[in-house]
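In: Any chance you can model this:
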Amino acid sequence: MARYIGPTTKIARKFREPIFGPDKSFEKKNYPPGQHGMNKRRSKQSEYAIQLMEKQKVKYMYGILERQFAKIFDKASRKSGITGEILLQLIETRLDNLVFRFGIAPTRSSARQLVSHRHITVNGKVVNIPSYTCKAGDIVAVREKSKALESVHASLTGHVNKYGWLEWDKASMSGKVLNLPARDQIPENIKEQLIVELYSK
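Out: Got it, this is the predicted structure:
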């Protein structure tokens with residue numbers, strides 16, 4: 001499936017925050033890209049533009065394409081509860097994001113690669129679909145044959161589980177999804193209500 005593989009710092013500068021993680025280049029040039037980036041741009045943005053920017057930011061942050069994102073939103077809108085929070089829960093419980101959250105990979109894009117290359121199991125079975133949605137109680141682990149991978153060891157070295165909805169077992173190199181994350185357990189700077197308003201038009 002096609003995915004974004006272009007320059008990440010440029011995109012982060014567009015949204016004025018390091019959405020792909022720590023970035024020294026972003027810190028040096030914390031202003032919009034382009035030849036007029038440092039000059040004051042039109043400060044007044046339309047309501048639609050603000051909502052669209054928020055959706056684009058989340059898509060880039062999690063590595064989700066437009067059609068896939070629309071399907072996730074449709075699924076969230078059909079569930080009972082706060083649509084914005086359910087949307088974030090569905091995105092957070094994607095397998096590639098969980099591999100990143102557990103510290104098995106340093107970035108979401110490298111987590112997606114580990115999943116695609118069949119290095120990850122869910123409940124003991126190899127799953128190579130990055131968009132696979134995990135449920136509470138699922139066990140995500142590094143495949144036995146892949147436990148010696150240098151990249152996995154480098155990523156896990158010094159990693160501390162900061163998420164109360166996840167549990168990591170260092171010895172078995174496996175993690176458990178204890179429950180779906182509450183909104184305050186998702187640290188990303190996302191205004192999900194803007195996305196809901198955009199799709200409600």
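
In: From now on I want contacts and neighbour counts done on CA atoms only, so please keep to that.
Out: OK.

In: Got the domain ranges for this protein?
Out: Using automatic domain parsing, the domains assigned to the chain come out as 8-90+188-199, 94-179.

In: Report the central residue of this protein.
Out: Geometric centre of the chain, nearest residue: residue 62, 3.2 Å, by Cα atoms, centre = their mean.

In: quick one: the closest residue to it other than its chain neighbours from residue 100, how far?
Out: Nearest residue to residue 62, sequence neighbours excluded (Cα to Cα, 6 or more residues apart in numbering): residue 108, at 6.8 Å. Here the criterion is Cα to Cα, to the nearest Å. By it, residue 108 lies 6 Å from residue 100.

In: for the longest helix seen in the chain, the distance to its chain's centre please.
Out: Looking across the chain with DSSP state H, the single longest helix is helix 47-62. Computed by Cα atoms, centre = their mean, to the nearest Å, the chain-centroid distance of helix 47-62 equals 14 Å.

In: what about the closest residue to residue 183 other than its chain neighbours, distance to residue 98?
Out: Take residue 183 and drop its neighbours on the chain: the residue closest to it by Cα to Cα, 6+ apart is residue 85, 6.2 Å away. Distance of residue 85 to residue 98, given as Cα to Cα: 17 Å.

In: how about low-confidence regions in this structure?
Out: The model of the chain has pLDDT under 70 over residues 1-43.

In: now the strands for it?
Out: Secondary structure of the chain (DSSP state E): strands at 120-122, 125-126, 139-142, 166-169, 174-177.

In: Can I get those in a markdown table including mean neighbour count?
Out: Converted to a markdown table, the strands of the chain look like this (neighbours: other Cα atoms under 10 Å):
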| stretch | mean neighbour count |
| --- | --- |
| strand 120-122 | 23 |
| strand 125-126 | 14 |
| strand 139-142 | 24 |
| strand 166-169 | 17 |
| strand 174-177 | 22 |
